[in-house]
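Novice: any chance you could fold what I've pasted below:
(one chain, ligands or ions: 2)
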Amino acid sequence: MRTICSEDHRLHFPQAELHAGQFVTPFERPSRVEYILARLRERGLNDIAAPDPVAMAPIRALCRPDYLAFLEHAWDEWKRAGCAGEIIPASFPARRMNADRAPTNIDGKVGFYALAAETAITAGTWAAALSSAAVAQTAQRIVAGGARAAFALCRPPGHHATADMFGGYCFINNAALAAEAFRADGVARVAVLDIDFHHGNGTQDIFYRRGDVFFASIHGAPEHAFPYYLGYSDETGEGPGEGANLNLPLPPGAGYGPWAEALDAALARIRAFGAEALVVSLGVDAYKDDPISFFTLDSPDFLDAGRRIGRLGLPTLFCMEGGYAIEAIGVNAVNVLEGFLDA
Ligand code: OKP
Ligand code: ZN
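Specialist: Ligands and ions are numbered 1, 2, ... in the order given. From the prediction side, this is the model:
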């Protein structure tokens, strides 16, 4: 299995994340990629390449134009306004306020395009987000070209990003971009399986009214876990998308028993949907020692999960999402890939 990875992910590394009322070094940090690359090499998965140049047209088709213009120019506007630090959203269009009209003021704009306040934007964030999208695009082309699977080692991650909002460490929805690329290549029915601990609210939102892309997510129940305001099991899709959205929330402390049961349920639905290509939002923060999550999966469980996904027999693109137990992230992510290859 080929891995695609860009050096440019390093351009995004904020100093601060707002966590538990303190500014801490972000959980989502560049060394995550290093640990995964080291484990790939350790396991002989040495086919690692840089992405092709980013294709902007599909990104422009996925995201709202004003949101992309915001991401591209936010840093310059922030600096021009005399703001001293990194960009951190602080004001939001909350209930009964106007969420349809973007302010001109950059501080107002930041909150308008944010879905949470933990994610800072820096000088290199736009370039890094584009490099991550390029990684997903290049890996998708490998699978579309006939490979059984490819690994898009995306950073920053993407599954919380909607067409018009950043947050949860995400800026551009790499998995959605890849799913759309399969559709553009003529694949009639595509599935996105999100096994990150956090609900993939961005991916769900993008495909919620679509019957051609099935979205399934296994995640910490929203009453207890970020992103809090989406991910309930009664969100099943709308209009042409009715029945093409499957949320499988699990309670605090859930282990591999219920998690694997949820995975099998998701895989059965993906099979019944008739998907011809699969995008896996590969987060490994369901791990027992993850610092911001509450499932209790162990490293061998990821091997088993990969095997189950492999038994679907679909052309599969793995897109890296979360995982913050840094010393274990390599083993856990590569275990999913090895399980898949071994299926
Ligand atoms: C991104 B991905 C910690 C609360 C959670 C954001 C989590 C983003 C997870 N203070 N804040 O899905 O792994
Ligand atoms: Zn996550």
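
Novice: which parts of the stretch 101-250 of the chain sit against ligand 1?
Specialist: The interface of the stretch 101-250 of the chain toward ligand 1, taken as Cβ under 6 Å from any ligand atom, is made up of 118, 157, 160, 168-169, 196, 198, 226. Using the backbone N, CA and C atoms, a C-beta is placed for each residue, glycine as well.

Novice: if we use 5 Å, what do you get?
Specialist: 118, 168-169, 196, 198, 226 (Cβ under 5 Å from any ligand atom).

Novice: which residue would be the closest one in this structure to ligand 1?
Specialist: G322 (2.0 Å; Cβ to the nearest ligand atom).

Novice: was I right about that residue contacting H199?
Specialist: No. Under the contact definition of Cβ atoms under 8 Å, G322 does not touch H199, with a separation of 11.4 Å.

Novice: wait, a helix at E180?
Specialist: Yes. With the criterion set as DSSP: H, G, I helix; E, B strand; the rest coil, the secondary structure at E180 is a helix.

Novice: and it, how many residues sit next to it?
Specialist: Residue crowding around E180 was assessed by other Cβ atoms under 10 Å; the count is 23.

Novice: now, which of the residues of the stretch 101-250 of the chain next to ligand 1 sits nearest R29?
Specialist: Each of those was checked against R29 using Cβ to Cβ; the closest is Y169, at 9.8 Å.

Novice: any idea how far that closest one is from L337?
Specialist: As for Y169, its distance to L337 is 22 Å (criterion: Cβ to Cβ, to the nearest Å).

Novice: and if you look at R32?
Specialist: Taking Cβ to Cβ, one finds R32 at 16 Å from L337.

Novice: which residue of these two possesses the greater neighbour count?
Specialist: Residue environment comparison for R32 versus L337 gives the larger neighbour count to L337, 28 against 24, counting by other Cβ under 10 Å.

Novice: now the more buried one: which helix or strand?
Specialist: Using DSSP states H and E, L337 maps to helix 326-342.

Novice: buried residues in that helix?
Specialist: Of all the residues in helix 326-342, those buried under the rule 16 or more other Cβ atoms under 10 Å are 326, 328-340.

Novice: do the same with stretch 112-131
Specialist: Of the residues in stretch 112-131, 112-122, 124-131 count as buried by neighbour count, 16+ other Cβ under 10 Å.

Novice: tell me where the chain has helices.
Specialist: With DSSP state H, the ranges of helices along the chain come out as 31-42, 56-62, 65-80, 106-112, 125-144, 174-184, 201-207, 256-273, 299-310, 326-342.

Novice: the third one vs helix 125-144, what angle?
Specialist: Helix 65-80 and helix 125-144 are oriented at 150 degrees to each other (axes from the mean of the first three to the mean of the last three Cα atoms, to 10 degrees).
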